[in-house]
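In: need a 3D model of the following:
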Amino acid sequence: MVLLSDFSLWHHVLNYWYLPASLGDEKAFEAALKRAGLDFLKTKPFPDPVFHRRIEESGERIFDLNFVARGITAPRATRSVQATLWTLPLKGVREITWFTAR
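Out: Just a heads-up that it's a prediction; the model follows:
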């Protein structure tokens with residue numbers, strides 16, 4: 001079994017950032033945080049379970065390789081997709097391509 005995800009969007013999950021569905025969603029989330037007196041950069045993890053859950057649920061978008069949000073995602077043709085495997089036997093390796101992040 002292989003788990004595929006968007007390499008660039010993975011950084012949202014890695015850094016405990018909200019991954020908005022759109023630019024409007026991003027503004028709404030930030031406004032809700034401000035009303036709650038929470039700071040996106042200073043408070044990790046959020047003590048409020050509702051905001052914490054929203055962060056976690058937004059991270060699920062990295063697994064939808066068809067997820068497109070103007071101003072948030074790169075065009076599909078230019079995205080880097082990463083694969084995660086539990087194990088990979090050496091005999092399963094056919095070719096190695098070295099990757100350097102931009």
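In: now the helices for this protein?
Out: In the chain, helices defined by DSSP state H lie at 10-14, 23-36, 49-58, listed in chain order.
In: quick one, what contacts Phe7?
Out: Arg79, Ser80, Val81, Gln82, Ala101 (CB atoms under 8 Å, 6 or more residues apart in numbering). For every residue, glycine as well, the C-beta is placed using N, CA and C.
In: filter those to the buried ones?
Out: Buried members of the contacts of Phe7, scored by 16 or more other CB atoms under 10 Å: none.
In: need the helices of the chain in JSON lines with mean pLDDT, can you?
Out: Formatted as JSON lines, the helices of the chain follow (pLDDT from 0 to 100):
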{"stretch": "helix 10-14", "mean pLDDT": "94"}
{"stretch": "helix 23-36", "mean pLDDT": "95"}
{"stretch": "helix 49-58", "mean pLDDT": "95"}
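In: and of those helices, who's closest to Pro89?
Out: Evaluated over the helices of the chain, closeness to Pro89 peaks at helix 10-14, with 25.1 Å, by CB to CB.
In: OK, contacts around Ile72?
Out: By CB under 8 Å, 6+ apart, the contact list for Ile72 reads Leu19, Pro20, Ser22, Leu23, Glu26.
In: ok, Ala77 - how many residues close by?
Out: Residues near Ala77, counting by other CB atoms under 10 Å, number 5.
In: picking that back up, adding distance to Leu4 and mean neighbour count, write the helices of the chain out as a markdown table.
Out: Output for the helices of the chain, formatted as a markdown table (distance: least, CB to CB, whole Å; neighbours: other CB atoms under 10 Å):
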| stretch | distance to Leu4 | mean neighbour count |
| --- | --- | --- |
| helix 10-14 | 11 | 15 |
| helix 23-36 | 23 | 13 |
| helix 49-58 | 18 | 14 |
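In: tell me which of those helices sits nearest to Leu88.
Out: Comparing those by CB to CB, helix 10-14 comes nearest, at 19.1 Å.
In: the helices of the chain into JSON lines, with extra columns for distance to Gly71?
Out: Below are these laid out as JSON lines (distance: least, CB to CB, whole Å):
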{"stretch": "helix 10-14", "distance to Gly71": "14"}
{"stretch": "helix 23-36", "distance to Gly71": "5"}
{"stretch": "helix 49-58", "distance to Gly71": "15"}
